[in-house]
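[1] build me a model:
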Amino acid sequence: MAFRIANTCRPAPTAARRPAKKPAHLAFLHHLPCAVSGVYGVQAAHDSYPNAWHGASGRGKGAKVPDRFALPLSPAEHDLQHSCKLGSERDYWASKGIDPHDLANALWGVYCDYDEAEAIVRCTAIINQRLAAVGALRSREEV
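    Model prediction:
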């Protein structure tokens, strides 16, 4: 006669947690220049496609993107990011020569490590360095 062994080691299923909202981080992003054009007057744009290396699971059914994957974008660039005129969101970022997950993690790290005034200076420098690397840094006359 065979006995059935109950599987008591299996944990009870838990509901997936939504990422906590970070309104202070989103407000902080409004002090930075656009990550694509360098202009001020930005919106916080969430990067919603998945990238396992950076811990971004993307957007799914009922899932929200964590605020740490938000970037400062001008309203025009934010509309273009979501319009799919350049293809998918991944295609949009590739056309701009920017790894959005890498940049978002860099900005998030600086935001968490420094007070707001110093974080703004450091994050602006990070954005300007990346703009210079892709040849999109604006001259002083344009600012």
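
[2] three-state assignment of Pro72?
    strand (DSSP: H, G, I helix; E, B strand; the rest coil).

[3] correction: Leu86
    On the three-state scheme (three-state DSSP), Leu86 is labelled coil.

[4] what's around it, how many residues?
    For Leu86, the neighbour count with other Cβ atoms under 10 Å is 15. Just so you know, the C-beta spots here come from the backbone N, C-alpha and C atoms, and that holds for glycine as well.

[5] correct me if wrong: it contacts Ser95.
    Yes. Leu86 lies in contact with Ser95 (Cβ atoms under 8 Å); the separation is 5.2 Å.

[6] give me the distance between Lys85 and Val39.
    Distance, Lys85 to Val39, by Cβ to Cβ, to the nearest Å: 19 Å.

[7] who has more neighbours, these two?
    Taking neighbours as other Cβ under 10 Å, Lys85 and Val39 compare with Val39 leading, 17 against 10.

[8] spit out the contact partners of the residue nearest to that one when sequence neighbours are not counted.
    Using Cβ to Cβ, 6 or more residues apart in numbering and skipping residues adjacent in sequence, the residue nearest Val39 is Ser74, 5.1 Å away. Ser74 makes contacts with Cys34, Val36, Ser37, Val39, Gly41, Val42, Gln43, as judged by Cβ atoms under 8 Å, 6 or more residues apart in numbering.
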